[in-house]
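>>> This is a predicted model, with the sequence first.
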Amino acid sequence: MPDFTRRTFLKMSAALGAAGGLIPLDRLFAGTTAGSGKGGPVVISTWPHGLPANDAAWRVLSSGGTALDAVETGVQVPEADPEVRSVGYGGLPDEDCHVTLDACIMGPDGNCGSTAFVEGYMHPISIARRVMEDTDHVMIVGAGAEEFARKTGFRREDLLTEEARRAWMKWKAGLGDGDDWFPGGEKNHDTIGMVALDAAGSLAGACTTSGLAWKIHGRIGDSPIIGAGMYVDNEVGAAAATGRGEAVIKTCGSFLVVENMRSGMSPEKACRAALERISARHGGKADFQVGYIAVNKKGETGAYSLADGFTYALARDGKNELLTAGHLQ
């Protein structure tokens, strides 16, 4: 069976066993040192599907688990949710009706793993972790990544749901000669990015997506690219991105956020400054969305976006809540 279940089973069992199921966050936070609003543990993730992802991550942290285990376990939740149309199972397909997935993960030691253009495997985040821990590579993609997953015990599955297939058929029927490659896609790129600080003061991050809806077959966005979709420096902080991946790649977005924190900016200011660079390249009128989340070594968090409407989930101090980020435009 996939390695993530072996790594987290004992930790998850300790948190779940006494209650026979999910434990409310106020009980999970009891006895932790997070009450000051600073320090660990803390988890921050993108969009409303970050709420259940945070719950899963927190169960790992509250039972003494690491930030690395927490972010992997957390993002597996939207990866397996058919109602989330932009991540994993149920994700909207590309122009040829293929669901292709991308993911990356990075730990406090600076080690990282990534996979991209993967079909037929529900949890690319766990394949990325296997790349990180079992090879001396960083990124494995496409058919090679699928064969690597098969050889290392992952189960192949059909990830195209009937709802996603119908959405693709509707898009395909309305496609005209004058359309570009992204009709309808701009509202369907809600990556799950997550960064966490554990009680020991270690940082980790994860990012996973099915990418832009109706994308050109073979297109890769920012999510599996270390330094673009996600980046961790355990001496400084961690950041993750969501939105139009091409704009994030062109500015090394998450790396830039972390470097801004290195220079002394708060997480929120660091996110905003990185977005100002994107905005400036588009004359202050970017017609797409990008959002960043960040946490620094002190446990301070922040988020910001280009346009209104970016929400993020924050778990700490006995709460797991959905917040709305500030925005430039």
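All right, it came through fine. Numbering: from 1, shown residues only.
>>> can you give me the strands in the stretch 1-150 of the chain?
Counting by DSSP state E, counting those that start in this stretch, the segments of the stretch 1-150 of the chain that form strands are 42-46, 101-106, 112-118, 139-141.
>>> List just the one of those that sits closest to L275.
strand 42-46 (14.2 Å; C-beta to C-beta). Heads up, the C-betas are built off the backbone N, CA and C, glycines and all.
>>> winner for burial among the strands of the stretch 1-150 of the chain?
Greatest average neighbour count among the strands of the stretch 1-150 of the chain goes to strand 101-106 (a mean of 32), per mean count of other C-beta atoms under 10 Å.
>>> Give me the angle between it and strand 112-118.
180 degrees (axes from the mean of the first three to the mean of the last three C-alpha atoms, to 10 degrees).
>>> neighbouring strands for strand 101-106, and are they parallel or not?
strand 112-118 (antiparallel), strand 203-209 (antiparallel) (DSSP bridges).
>>> Point out the one among the strands of the stretch 1-150 of the chain that comes closest to A149.
Nearest to A149, of the strands of the stretch 1-150 of the chain and by C-beta to C-beta, is strand 112-118 at 7.2 Å.
>>> give me every residue that touches T66.
Counting by C-beta atoms under 8 Å, 6 or more residues apart in numbering, T66 touches V60, D198, A200, S202, A204.
>>> Show me the beta-bridge partners of the residue nearest the centre of the chain.
By C-alpha atoms, centre = their mean, the chain has its centre lying nearest to G193, at 2.1 Å. Under DSSP bridges, the beta-bridge partners of G193 are C207.
>>> Now do the same contact list for it.
S45, T46, G205, A206, C207, S223, G229, M230, A240, A241, T242, I293.
>>> pLDDT and distance to R277 added to those, as a markdown table?
Below are the contacts of G193 laid out as a markdown table (pLDDT from 0 to 100; distance: C-beta to C-beta, whole Å):
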| residue | pLDDT | distance to R277 |
| --- | --- | --- |
| S45 | 98 | 23 |
| T46 | 97 | 20 |
| G205 | 98 | 20 |
| A206 | 98 | 24 |
| C207 | 98 | 20 |
| S223 | 97 | 19 |
| G229 | 98 | 16 |
| M230 | 98 | 18 |
| A240 | 98 | 17 |
| A241 | 98 | 13 |
| T242 | 97 | 17 |
| I293 | 98 | 17 |
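>>> Please identify which of the residues you listed is nearest to T311.
For the contacts of G193, the nearest to T311 is T46 (8.0 Å; C-beta to C-beta).
>>> does the closest one really touch D190, like I thought?
Yes: the criterion here is C-beta atoms under 8 Å, and T46 meets it with D190 at 7.2 Å.
>>> ok, back up a step: please flag which of the contacts of T66 sit within helices.
Under the assignment DSSP state H, these contribute V60 to helices.
>>> Would you reformat the strands of the stretch 1-150 of the chain as TSV and include distance to K298?
TSV is the format used below for the strands of the stretch 1-150 of the chain (distance: least, C-beta to C-beta, whole Å):
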stretch	distance to K298
strand 42-46	10
strand 101-106	19
strand 112-118	23
strand 139-141	31
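>>> right, so of those strands, which gets closest to A56?
Using C-beta to C-beta, those put strand 42-46 closest to A56, at 9.5 Å.
>>> If you count contacts, what does that closest one end up packed against?
Secondary-structure packing of strand 42-46 (3 or more C-beta pairs under 8 Å, 6 or more residues apart in numbering; DSSP states H and E): helix 50-62, helix 67-79, strand 192-197, strand 237-243, strand 290-296, strand 301-305, strand 311-316.
>>> any idea how far stretch 112-121 is from the chain center?
13 Å (C-alpha atoms, centre = their mean, to the nearest Å).
>>> Where does pLDDT dip in the stretch 1-150 of the chain?
Within the stretch 1-150 of the chain, the segments meeting pLDDT under 70 span 1-38.
>>> run the last query once more with 50
1-37 (pLDDT under 50).
>>> Kindly report the same for the stretch 151-300 of the chain.
Using pLDDT under 50, the stretch 151-300 of the chain drops low at 177-188.
>>> Would you state the helices of it in chain order?
162-173, 245-250, 253-262, 267-281 (DSSP state H, counting those that start in this stretch).
>>> would you turn the contacts of T66 into TSV with neighbour count and distance to V141?
TSV is the format used below for the contacts of T66 (neighbours: other C-beta atoms under 10 Å; distance: C-beta to C-beta, whole Å):
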residue	neighbour count	distance to V141
V60	28	28
D198	24	30
A200	11	33
S202	18	28
A204	27	22
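>>> how about the contacts of T66 in TSV, adding distance to R156?
TSV is the format used below for the contacts of T66 (distance: C-beta to C-beta, whole Å):
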residue	distance to R156
V60	26
D198	33
A200	36
S202	33
A204	27
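>>> Which one of the contacts of T66 is nearest to N234?
S202 (6.3 Å).
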